[in-house]
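Asker: build the 3D model from these lines:
(chains A and B)
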Amino acid sequence: MLNIWAIMMVILLVVVTIGISLYARSFNSNTANFYLAGRKIGFMTNSTAICGDYFSAASFLGVAGAVYASGVDGMWYAIGFGAAFVPVVLFLASPLRKFGEYTIPDFLFARFGKSHKARVIGVIMVQLICIFYLAPQMVGAGSTWDVLVGVGFLGMTPYETGVVATVVVMMFYVALGGMKGTTLNQMIQFWVLFTAMFLVFALVLFNGVGNYASQNQPLTNASTVTVGKLMEGEEGKRVYDKAKATMSPEAFAAVDAAVQKGDPNASVNVVLPQANKLHADRTMVMQEPGHRYDWLNQFSMVLALVLGTMGLPHIMNRYYTNPSGKVARLTTLWVLAFVAFFYIMSSVVGLGGRRFIPELAGMDPTTAALTVDGLLLKSDQILPVMGKLLFGEFGLGYVAAGAFAAMFSTVGGLLIASAASWGHDIYENYVNPNAPEWKKVLVGKVAVIAMSLFSLLVGLGIPAIGLDKAYPSLIAMMVTWAFAVSGGAFVPMLLSSIWWKKTTRNGAIAGMIVGGGGSIFFIMMNILKETGVFAAGSFGATLGSLTFPSIFIVPLSFLTIYVVSITDKNKMPVYVNNIWARIHGSDKLSERIRMQMKEAEQRG
Amino acid sequence: MKPDNSRQVAYSPFFGLLLQKKKHFLVPMCLIFLIFYFSLPVLITLKPDWMNRPVVGSISIAWIFATAQCVMTLLLSSIYMWRAREFDRLVQELRNEESEEEK
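Answerer: Residues are numbered from 1 along each chain as shown, chains lettered A, B, ... in the order given. You can find the predicted model right below:
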């Protein structure tokens, strides 16, 4: 479905984005400006930029889709992403900012008595988290292009075209604009995606959400199966019979026609009642959770969602750009208000979809092609479809621009965070400490380009290894994995090194390795199991049985930090009390002590 | 400028008091948050019937509880902002006291 409005609005967005980067180019004369926008960003700019970082394509399209497909279960993402800011506010935001370093690796270096080892391990973890978070954005870019533009160029599939186009635009504008350009862009991109969501939300509210949720009928969803699968088993218990009982006679006629033809490999679209995974004996309804996970995975996911935000490098770097504690607090309050409102809007749109799509899809042939018996085949398409049904072609175009804005702003933030880590933490400290400013900025730009090309490979590689077939809602899954890795790698380390004075360097390093490495290991095992590399019942499959490892890994990482720290007691940094005053004092006190420590160092 | 001045800051009883006050505030806040947050998955696992009961019109407790999580997030953070100002004032007092000692 080639759509002129959608293409025009996405192109307009790209033109504005690049224009801003050209404008911001003049600010990037030194690295402090390139990575942190000179620390002179107001609270409104910064809070919209954090929201831009935070609302990726996955949350723009995915949350509404999850509520539409699973009901209350889909609310988990909305709740988790919002609630995750509470621990950030309580334990991290203000101490990290007062400590006054650039990045999480810098924090590690200064906190543990100038430990190079801790910093390098921190850099590795930052890069791993960035890759884990960039991967779902790439998948989002590809599938959004597939849905909204639907054409491939230069002999590529639409999916590949989407990934390549996004990477090229991102690479160009982030390398050019630096943190200042990215921040200004994120501000504009945030308003594009926020107003797009608001438009659909307002139209849904205006027309009435409907009462699907309260009807307590069994939850049904559309899916595609082959005729062979459909007719498997004894009569009366086949998928065919279930579908016949669920679907309307008119819709089922198409299924019957395919069955009559007799080709077992032909695929048909059916609507089926969903199973309750949490309570196998209960009927799955929209009002009740249990569509997606059993209790163990549910707990683990809830934990990953609430902790993961604390370790996301691109969000945490934002807190360093606040000039004062007051501004940092105002920023957080605004972020929370935007996040809460945004996810409530998404959930309402998801609910409204259950009413409007069956009612209106029949009138619009392109939408009807995406549905079966009034239900969307791919729930992630709900936002563009609703935009089109309620506001015509313009609505679809606006939502398309919103989706790409969401993707650009998240990828931009990640690329800057990743480049800051390569350029600042590694190059400026270890490779060439005496490099002139222009050279340091150049290295940052090269890092942006290198990281973009790497994520391009990841984006193209994911369908090639069959990941998209192994996991039904791949984007949401991969985002939660990124949260699990960042939660495991950084959360126990940050919390204990800020709030437990006796944490030692070795303790922090061991905690990061166990938390980050352990999470990645178990996620890989799960991927190998789901893609069928491990046979069912083998040892590998047992290792990979948990989708999200957080529930074991996070406590294990805390325990590791504790045990390692108390066994090498004498390794506390010499100036631990100064460090403590820097972390927990007021703005002026922290700044003064930082200066004193610097002076003492220079005197030798 | 005395380089050891800052080391004394951390040892001064006032600073200890400040940190203690912070902890006395943060620990209960954190507990409230964790209990409220995790009671949602616990309740839907253990009490599905209760969570499914309609309260406002036909909207079930599960939906209301889920939305209340967003409200809780805003509420707890606002309380923190309000208390953080007080902590900053305490540190200010600490600084004043210290500069009197220096004279």
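Asker: residues touching residue 50, list them.
Answerer: Went with chain A since none was named. A:315, A:318, A:331, A:335 (CB atoms under 8 Å, 6 or more residues apart in numbering or on different chains). (C-beta placed from N, C-alpha, C; glycine too.)
Asker: actually, chain B is the one I wanted.
Answerer: The contact partners of B:Trp50, by CB under 8 Å, 6+ apart, come to B:43, B:61.
Asker: just confirm it is within a helix.
Answerer: Yes: applying DSSP: H, G, I helix; E, B strand; the rest coil, one finds B:Trp50 inside a helix.
Asker: quick one, longest helix in the chain?
Answerer: Answering for chain A, as no chain was given. helix A:158-207 (DSSP state H).
Asker: could you do chain B instead?
Answerer: Within chain B, and with DSSP H defining each element, the longest helix by residue count is helix B:61-102.
Asker: that helix packs against which elements?
Answerer: When contacts are defined as 3 or more CB pairs under 8 Å, 6 or more residues apart in numbering or on different chains; DSSP states H and E, helix B:61-102 packs onto helix A:75-83, helix A:85-87, helix A:325-360, helix A:587-603, helix B:13-46, helix B:48-51, strand B:54-56.
Asker: can you give me the offset of the longest one from its chain's centre?
Answerer: If I follow you right, that is helix A:325-360. Centroid separation for helix A:325-360 versus its chain: 16 Å, with CA atoms, centre = their mean, to the nearest Å.
Asker: any idea of the mean pLDDT in it?
Answerer: Mean pLDDT, computed over helix A:325-360, is 83.
Asker: same question for the last one.
Answerer: Averaged across strand B:54-56, the pLDDT comes to 75.
Asker: quick one: contacts of stretch A:347-354?
Answerer: With contacts defined as CB under 8 Å, 6+ apart, stretch A:347-354 is touched by A:63-68, A:74-75, A:78, A:197, A:200-201, A:204-205, A:207, A:209-210, A:212-213, A:286, A:376, A:382-383, A:385-386.
Asker: which of those residues count as buried?
Answerer: Burial of these was assessed by neighbour count (16 or more other CB atoms under 10 Å in any protein chain shown); the buried members are A:63-68, A:74-75, A:78, A:197, A:200-201, A:204, A:209-210, A:212-213, A:286, A:376, A:382-383, A:385-386.
Asker: quick one, strands of the stretch 251-400 of chain A?
Answerer: With DSSP state E, counting those that start in this stretch applied, the stretch 251-400 of chain A shows strands at A:267-273, A:371-372, A:375-376, listed in chain order.
Asker: and the first one, what's its mean pLDDT?
Answerer: Model confidence over strand A:267-273, given as mean pLDDT, is 77.
Asker: for it, packing partners?
Answerer: strand A:220-226, helix A:227-230, helix A:239-246, helix A:249-261, strand A:371-372.
Asker: tell me the strands beside it, with direction?
Answerer: Taking DSSP bridges as the criterion, strand A:267-273 pairs within the sheet with strand A:220-226 (antiparallel).
Asker: ok and the strand it pairs with relative to helix A:249-261, angle-wise?
Answerer: Inter-element angle recorded for strand A:220-226 and helix A:249-261: 10 degrees (by axes from the mean of the first three to the mean of the last three CA atoms, to 10 degrees).
Asker: list of residues touching strand A:220-226?
Answerer: For strand A:220-226, with CB under 8 Å, 6+ apart as the criterion, the contacting residues are A:69, A:239, A:246, A:264-274, A:371-373, A:375-377, A:379.
Asker: thinking again about what came up before, adding distance to A:Leu453, write the helices and strands packed on helix B:61-102 out as CSV.
Answerer: As requested, the helices and strands packed on helix B:61-102 are arranged in CSV below (distance: least, CB to CB, whole Å):
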stretch, distance to A:Leu453
helix A:75-83, 29
helix A:85-87, 33
helix A:325-360, 31
helix A:587-603, 37
helix B:13-46, 40
helix B:48-51, 48
strand B:54-56, 53
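Asker: for those, which one sits closest to A:Gln186?
Answerer: With CB to CB as the criterion, A:Gln186 lies closest to helix A:325-360 of the helices and strands packed on helix B:61-102, at 12.3 Å.
Asker: list the buried residues of the closest one.
Answerer: Within helix A:325-360, the residues that qualify as buried are A:325, A:327-336, A:338-358, A:360, counting by 16+ other CB under 10 Å.
Asker: over to stretch A:231-246?
Answerer: Per 16+ other CB under 10 Å, stretch A:231-246 contains these buried residues: A:231, A:239-240, A:242-243, A:246.
Asker: do stretch B:24-31 as well
Answerer: Applying 16+ other CB under 10 Å to stretch B:24-31 flags B:25, B:29 as buried.
Asker: check stretch A:497-513 too.
Answerer: For stretch A:497-513, by 16+ other CB under 10 Å, it's A:497-499, A:503-513.
Asker: what average pLDDT does that stretch get?
Answerer: Confidence over stretch A:497-513, taken as the mean pLDDT, stands at 88.
Asker: CA-only coordinates of that stretch in PDB, if you can.
Answerer: Extracted in PDB, the C-alpha atoms of stretch A:497-513 (Å, rounded to 0.1, in the frame of the first residue of the first chain):
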ATOM      1  CA  SER A 497      28.400   1.800  44.600                       C
ATOM      2  CA  ILE A 498      26.200   4.800  45.300                       C
ATOM      3  CA  TRP A 499      24.500   3.600  48.500                       C
ATOM      4  CA  TRP A 500      27.000   1.200  50.000                       C
ATOM      5  CA  LYS A 501      30.400   2.800  50.800                       C
ATOM      6  CA  LYS A 502      32.200  -0.500  51.200                       C
ATOM      7  CA  THR A 503      31.700  -1.600  47.600                       C
ATOM      8  CA  THR A 504      35.100  -2.300  46.200                       C
ATOM      9  CA  ARG A 505      36.400  -2.100  42.600                       C
ATOM     10  CA  ASN A 506      36.600  -5.900  42.300                       C
ATOM     11  CA  GLY A 507      33.100  -6.200  43.700                       C
ATOM     12  CA  ALA A 508      31.700  -3.800  41.100                       C
ATOM     13  CA  ILE A 509      33.600  -5.500  38.200                       C
ATOM     14  CA  ALA A 510      32.400  -9.000  39.300                       C
ATOM     15  CA  GLY A 511      28.800  -7.700  39.600                       C
ATOM     16  CA  MET A 512      28.800  -6.200  36.100                       C
ATOM     17  CA  ILE A 513      30.300  -9.400  34.600                       C
END
